[in-house]
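Engineer: fold the stuff below for me.
(one chain, ligands or ions: 2)
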Amino acid sequence: MAKGVKKLNQFRDEEPTNEQKYLRDLMEERFPTKEAVITEIMNLEAILHLPKATEHFVSDLHGEYAAFDHILRNGSGNIKNKITAIFGGRLTPKRLQNFASLIYYPEDKLEYKKHQLEQDEDGALEQWYLDTIQRLLELLQFVSTKYTRSKVRKALEPNFAYITEELLYTDPQVFDKRSYLDQLMKNLVSMGVTDEFIIATCYTIQQLVVDHLHVLGDIYDRGEHPELIMDRLMSYHSVDIQWGNHDMLWIGASAGSALCMLNLLRISARYNNLATIEDAYGISLRHLTRFAEENYGDNPAFRPKLVEGDSFNFDGEGLQLTQIQQAVAIMQFKLEIRTIAREPDFNMADRALLTKVDYDKKTIQLAGKTYQLTNTCFDLIDPKDPGKLTAEEEELISGLLRSFIDSKSLQRHLKFLVNKGSMYLCYNNNLLLHGCMPVTAKGEFLPFKYHGKEYRGKQLVDLFDQQVRHAYNDPCGDDHSAADLIWYLWQGPISPLFGKEAMTTFERYFIKDKATHEEVRNPYFKLRHDEGFVDILLKEFGLDPSDGHVVNGHTPVKRGHDAIMANGKMLVIDGGYSKAYQPTTGFGGYTLLYNSYGLQLVEHHPFTSKEDSIVNGTDIVSARRVVNHEVHRKSVADTDIGARLKENVKMLRSLLAEY
Ligand SMILES: O=P(O)(O)OC[C@H]1O[C@](O)(COP(=O)(O)O)[C@@H](O)[C@@H]1O
Ligand SMILES: [Mn+2]
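Structural biologist: Ligands and ions are numbered 1, 2, ... in the order given. The predicted structure follows:
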């Protein structure tokens, strides 16, 4: 115990918990003198009065790295807002936009500018550098005002921290200081580091404009580069993730669920993204490809989906993908029978579809009706035991599963996804959840029976959260059940991440009647328009309905359809990044910003390209809508971090009383 500190505080009403005692001990060690305690109290009290920092919400990234990267760089339009706030009226709209794209893509924009202005003989480039540095400093100053100096320092590139602080905090109007500042600027030029300085400052501005990022799930599947998104998230300054149903497939594969792995392989073949698995994660698909080529032919139902820019030749690469998709789909349908049989709690016997097929007549019985099957590819199915894998399928699956578990690059990403992620998150009185909370038509939380106990509402998502971690951390355990539960999260009828009665993949491949393709949504999706229902949901998670919101991703919102529901308490922000879904949604999707003034929904145009932004200054923010405007501007004191700081202040005050 530090010198001069009396034995534990006698004046507290209640006996402190072990955790409180531990924290106090730590505090005593960190602040061993009265002066140190006073300084820290003053520091924390000052922080509590700063404006609340900006949170940025994105969702359903689906492997679309370039679009996601752009949205991070422009802070969903927040950088442009700040630029307009300072330079509006001083710069033309074109110059504002050019300056914005310098901040988004500093390296490329600098090259472009140099190339553009180098030929000018009257020193245009030099003037541009001078103006640009001045403007950057002005902007940096503006975006720093929300933070303590120490936080700003942490966001600076260490090599330029000293010089930036001098430039930032010295008043150039004071005459004596002016020559000092001029000298600093000259030094930047004479040492040939102006470009580095500009680049570093642009990234610092990006970092300060958005303090914290929430990713509401579905990072993986459908798009080309989920692995680049994961790398970007891993180096982002502050982020949390709520898992999506697609993310579950990847976590499940690494937790030893063959069924999850087969689903993700099937989707990867369908969207022509097997390169992610082979090149980014180093998992060889040679054996699978050979097996598929030997056993399957062309089949119109299994051809890969074309997105803009794709062109297939259906007797080459396209045929190979068609063969792989069939091979994997059939193994998937076989394994579904086994899993459904060994997990009676899942209550999914009606989805063991291969057991309902008449293999001679090529028909299936579904809900008492018989349907003709088309485009079948059932040669490797034993009609007497349709769940049985052939010896080669068996070997193929176990080899692939081993490779998923052994892939170091994949495990690096998934470990981060599991550790930074969760089923849901309560953050600053908002509930963040990818899909839904399964309910009855009356809005009562649906029970899920698991190993003899019933779970519903918050308890249910907590159960899933705990089991996902358990399965991921013990991928080779004998007990299948936690890994099976991850698959249940992908397509189970009471999965909060799926939110539909059944996934009709089989029907879409083999049955013409479109009525069988429909996936019936849980009543949650209707009820979430109702304010009373959203209030109940918030209360279930211990949040205050008068101030809280629920944020969901998962369901693409069509342009013109409202993403703001229940009197502004329910917000749905499926990003719409997925190129494959843009023809349906008609635009680039929504993101959300939450700053000290309130929440804003941001609408995006589909992303074109980085080059377009650099050369033409194209931005993708199309409109912003205020969800709510705080009557009193929110400060750090009103946030979760603020609540923790207040606790610390309380503890420090009691410590002070004892010195
Ligand atoms: O468009 P695809 O590739 O056929 O996938 C459709 C499947 O994806 C799902 O929509 C799930 O994905 P989302 O979470 O992106 O909605 C299923 O409900 C559906 O069966
Ligand atoms: Mn989803």
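Engineer: now do the SS call for residue 297.
Structural biologist: The local conformation at residue 297, judged by DSSP: H, G, I helix; E, B strand; the rest coil, is coil.
Engineer: tally of neighbours for residue 475?
Structural biologist: The criterion is other Cβ atoms under 10 Å. On that basis, residue 475 has 18 neighbouring residues. All C-beta atoms are positioned from the backbone trio N, CA, C, and that covers glycine.
Engineer: sec struct for it, please.
Structural biologist: coil.
Engineer: let me see the contact set for the closest residue to it other than its chain neighbours.
Structural biologist: Leaving aside its chain neighbours, residue 475 sits nearest to residue 256 (4.4 Å; criterion: Cβ to Cβ, 6 or more residues apart in numbering). Residues counted as contacts of residue 256 (Cβ atoms under 8 Å, 6 or more residues apart in numbering) are 401, 405, 471, 475, 476, 477, 480, 483.
Engineer: among those, the buried ones, what's the ChimeraX command?
Structural biologist: Listed next is the ChimeraX selection for buried residues among the contacts of residue 256, using 16 or more other Cβ atoms under 10 Å:
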select :401,405,471,475,480,483
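Engineer: where along the stretch 501-650 of the chain do the strands fall?
Structural biologist: Counting by DSSP state E, counting those that start in this stretch, one finds strands in the stretch 501-650 of the chain at the ranges 549-552, 564-565, 570-572, 590-595, 598-604, 621-629.
Engineer: how about the contacts made by the residue in the stretch 301-450 of the chain positioned nearest to ligand 1?
Structural biologist: Ranked by Cβ to the nearest ligand atom, the top residue of the stretch 301-450 of the chain for proximity to ligand 1 is residue 305, at 6.8 Å. Each residue near residue 305 by Cβ under 8 Å, 6+ apart is listed here: 270, 271, 272, 580.
Engineer: phi, psi for it please.
Structural biologist: Phi and psi for residue 305, reported as degrees, to the nearest 10, are phi -80, psi 140.
Engineer: dump the contacts of residue 305 to JSON lines, plus pLDDT.
Structural biologist: Shown next, in JSON lines, are those (pLDDT from 0 to 100):
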{"residue": "270", "pLDDT": "96"}
{"residue": "271", "pLDDT": "95"}
{"residue": "272", "pLDDT": "94"}
{"residue": "580", "pLDDT": "71"}
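Engineer: which one of those residues is nearest ligand 1?
Structural biologist: Comparing these against ligand 1 with Cβ to the nearest ligand atom places residue 270 closest, at 5.8 Å.
Engineer: quick one, what contacts that closest one?
Structural biologist: 302, 304, 305, 321, 325.
Engineer: the residue nearest the centre of the chain - nearest residue in space that isn't next to it in sequence?
Structural biologist: For the chain, the residue nearest the mean C-alpha position is residue 215 (2.4 Å; Cα atoms, centre = their mean). Nearest residue to residue 215 in three dimensions, chain neighbours excluded: residue 241, at 4.6 Å (Cβ to Cβ, 6+ apart).
Engineer: can you check residue 511 too?
Structural biologist: residue 371 (5.0 Å).
Engineer: got the domain ranges for the chain?
Structural biologist: Taking automatic domain parsing as the reference, the chain has its domains at 2-51+647-658, 105-209, 243-411+446-517.
Engineer: ok so, going back, can you tell me how far the residue nearest to residue 511 is from residue 364?
Structural biologist: 5 Å (Cβ to Cβ, to the nearest Å).
Engineer: and if you look at residue 653?
Structural biologist: From residue 653 over to residue 364 (counting by Cβ to Cβ), the distance is 71 Å.
Engineer: those two - which one has more neighbours?
Structural biologist: Each of residue 653 and residue 364 has its neighbours counted (other Cβ under 10 Å); residue 364 has more, 22 against 11.
Engineer: confirm the more buried one sits in a strand?
Structural biologist: Yes - according to three-state DSSP, residue 364 belongs to a strand.
Engineer: tell me which residues touch it, please.
Structural biologist: Contacts for residue 364 (Cβ under 8 Å, 6+ apart) come out as 353, 356, 357, 358, 370, 371, 373, 510, 511.
Engineer: turn the buried ones among the residues you listed into a named PyMOL selection, would you?
Structural biologist: Buried residues among those (16+ other Cβ under 10 Å), as a PyMOL selection:
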select buried, resi 353+356+357+371+373+510+511
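Engineer: which ones among the contacts of residue 364 lie within strands?
Structural biologist: Of these, the ones assigned to strands by DSSP state E are 357, 358, 370, 371.
Engineer: dump the residues you listed into TSV; add distance to residue 344 and pLDDT as well.
Structural biologist: As requested, the ones in strands among the contacts of residue 364 are exported to TSV (distance: Cβ to Cβ, whole Å; pLDDT from 0 to 100):
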residue	distance to residue 344	pLDDT
357	22	98
358	25	98
370	27	97
371	26	98
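Engineer: out of those residues, flag the one nearest to ligand 2.
Structural biologist: residue 371 (27.5 Å; Cβ to the ion).
Engineer: close to ligand 2: what parts of this structure are there?
Structural biologist: Counting by Cβ under 5 Å from the ion, the chain comes close to ligand 2 at 218, 244, 245, 554.
Engineer: want to throw those into JSON lines with secondary structure, pLDDT and distance to residue 603?
Structural biologist: Formatted as JSON lines, those follow (DSSP: H, G, I helix; E, B strand; the rest coil; pLDDT from 0 to 100; distance: Cβ to Cβ, whole Å):
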{"residue": "218", "secondary structure": "coil", "pLDDT": "97", "distance to residue 603": "19"}
{"residue": "244", "secondary structure": "coil", "pLDDT": "98", "distance to residue 603": "21"}
{"residue": "245", "secondary structure": "helix", "pLDDT": "98", "distance to residue 603": "24"}
{"residue": "554", "secondary structure": "coil", "pLDDT": "93", "distance to residue 603": "18"}
